[in-house]
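Participant: predicted model, plus sequence, below.
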Amino acid sequence: MANVSLVTEFLLEGFAEVWELRLLLSMLFLMMYLATLLGNLIIITVTTIDQNLHTPMYFFLRNLSILDMCYISVTVPNACINSLTNNRTISVTGCGMQVFFVLFCASVELLLLTIMAQDRYVAVCQPLHYHVIMNHLFCVQTTLVSLLSGLIYAALHTGNTFRLTFCQSNVISQFFCDIPSLLKLSCSDTFSSQLLLLLSAVGIGGGCFIFIVLSYVHIFSTVMKIPGKEDRGKAFFTCVPHVLVVSVFLSSGSVVYLRQSPNTEIIEDMLLSAFYSIVPPFLNPVIYSLRNKQIKQAVHKVILRSIYSEKY
């Protein structure tokens, strides 16, 4: 750690060199950030207030919404402020905290999406056993295990990264601190760090993706047996976006974290990072909840209740 102290701060990349483009991109990301906060806050509110939504499915949706608000808050506000003020510096401690929380949120997000896929599988394929399998204790335990696993995963990779010596440069080719960008700046042997990233990505990411895909394959096969074409169409329309979001999340994250080429374009890295750190929290409220009829009805009831209480 004494060698790391030689680098007291890092420099992050802005969204663009031209001020007008930097302003435009900052406003775009800021609007996406505010929309994400609003959408997830609505979900948290209605799933907490409405007693009809106190089910395993909405329990996990509420947890996912809380996580998404934290996930996008780790990177976007700081990146927008840095880009608008052209103050690109971040301390080593601040960089380490950002790496830790990005990894924590991303890993817990993936685990929650996997549990939610299991929830849908049990609901569609084993409806008679749904309340036995997806009981409240199971939901709480799986959530706690996801959080604990995320903490261990983030701590392991953050500690393994910041034990390295950074002496080549302090310019991070990214709008937030991430491990691949930091490994490029290290003059230490990064083989063990890259191997750990590879093994964890294949083991955890690949395992979760296979589980999610298999869950939806079973769901699709069960849905195909439903007589009504309209019901089949609704099921496909619900499931396909879920798989697409998980695919975008995992594929973009895997490309950023697993490719070995040190000469990649900065704009390409930033775009891919946005796909796994900004797009999923932004789309999840729309795909998982705001298109849901029960959520819409709950929002309508909450609005009417607030209007009624103000009048009387």
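Facilitator: The structure has been received and is ready for your questions. Numbers count the residues shown, from 1 in each chain.

Participant: the longest helix along the chain packs against which elements?
Facilitator: As assigned by DSSP state H, the longest helix anywhere in the chain is helix 92-125. On a contact count with 3 or more Cβ pairs under 8 Å, 6 or more residues apart in numbering; DSSP states H and E, helix 92-125 meets strand 9-12, helix 56-85, helix 130-133, helix 136-161, helix 179-185, helix 207-223, helix 229-258, helix 266-277. C-beta: built from backbone N, CA, C; applies to glycine.

Participant: TSV for those, including mean neighbour count?
Facilitator: Formatted as TSV, those follow (neighbours: other Cβ atoms under 10 Å):
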stretch	mean neighbour count
strand 9-12	18
helix 56-85	21
helix 130-133	13
helix 136-161	16
helix 179-185	21
helix 207-223	17
helix 229-258	16
helix 266-277	18
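
Participant: is it possible to get a markdown table of those that adds mean pLDDT and distance to residue 170?
Facilitator: Below are the helices and strands packed on helix 92-125 laid out as a markdown table (pLDDT from 0 to 100; distance: least, Cβ to Cβ, whole Å):
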| stretch | mean pLDDT | distance to residue 170 |
| --- | --- | --- |
| strand 9-12 | 88 | 5 |
| helix 56-85 | 93 | 15 |
| helix 130-133 | 93 | 51 |
| helix 136-161 | 96 | 15 |
| helix 179-185 | 88 | 7 |
| helix 207-223 | 89 | 34 |
| helix 229-258 | 75 | 20 |
| helix 266-277 | 82 | 15 |
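
Participant: kindly reformat the ones you listed as TSV containing distance to residue 24.
Facilitator: Below are the helices and strands packed on helix 92-125 laid out as TSV (distance: least, Cβ to Cβ, whole Å):
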stretch	distance to residue 24
strand 9-12	19
helix 56-85	10
helix 130-133	48
helix 136-161	33
helix 179-185	24
helix 207-223	34
helix 229-258	22
helix 266-277	15
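
Participant: can you tell which of those is closest to residue 32?
Facilitator: Closest of the helices and strands packed on helix 92-125 to residue 32 is helix 56-85, at 7.5 Å (criterion: Cβ to Cβ).

Participant: the closest one vs helix 136-161, what angle?
Facilitator: If you take axes from the mean of the first three to the mean of the last three Cα atoms, to 10 degrees, helix 56-85 sits at 30 degrees to helix 136-161.

Participant: packing partners of helix 56-85?
Facilitator: helix 19-49, helix 92-125, helix 136-161, helix 266-277, helix 279-284.

Participant: and of the helices and strands packed on helix 92-125, who's closest to residue 286?
Facilitator: That would be helix 229-258 among these, by Cβ to Cβ, at 8.5 Å.

Participant: helix 266-277 and the closest one, what's the angle between them?
Facilitator: Going by the same axes, to 10 degrees, helix 229-258 is angled at 130 degrees with respect to helix 266-277.

Participant: my guess is residue 194 contacts residue 182. True?
Facilitator: No - if you go by Cβ atoms under 8 Å, residue 194 and residue 182 don't touch, sitting 11.7 Å apart.

Participant: give me the distance between residue 45 and residue 78.
Facilitator: Residue 45 is 26 Å from residue 78, where distance means Cβ to Cβ, to the nearest Å.

Participant: cool, residue 55 as well?
Facilitator: 36 Å.

Participant: swap in residue 157?
Facilitator: From residue 157 to residue 78 the distance is 20 Å (Cβ to Cβ).

Participant: go on, residue 26?
Facilitator: Remark: distance between residue 26 and residue 78 (Cβ to Cβ) = 12 Å.

Participant: which residues touch residue 122?
Facilitator: 129-130, 133-134 (Cβ atoms under 8 Å, 6 or more residues apart in numbering).

Participant: re earlier: ok, which of the helices and strands packed on helix 92-125 comes nearest residue 301?
Facilitator: Distance to residue 301, taken as Cβ to Cβ, is lowest for helix 56-85 among those, at 14.4 Å.

Participant: closest to residue 99 out of the helices and strands packed on helix 92-125?
Facilitator: helix 136-161 (5.1 Å).

Participant: run the chain-centre distance for that closest one.
Facilitator: Between the centre of helix 136-161 and the centre of its chain there are 14 Å (Cα atoms, centre = their mean, to the nearest Å).

Participant: so for the helix or strand following that helix, mean pLDDT?
Facilitator: Using DSSP states H and E, the helix or strand that follows helix 136-161 in sequence is strand 171-172. Strand 171-172 shows a mean pLDDT of 88.

Participant: what sits closest to residue 63 if chain neighbours are left out?
Facilitator: Nearest residue to residue 63, sequence neighbours excluded (Cβ to Cβ, 6 or more residues apart in numbering): residue 143, at 5.7 Å.
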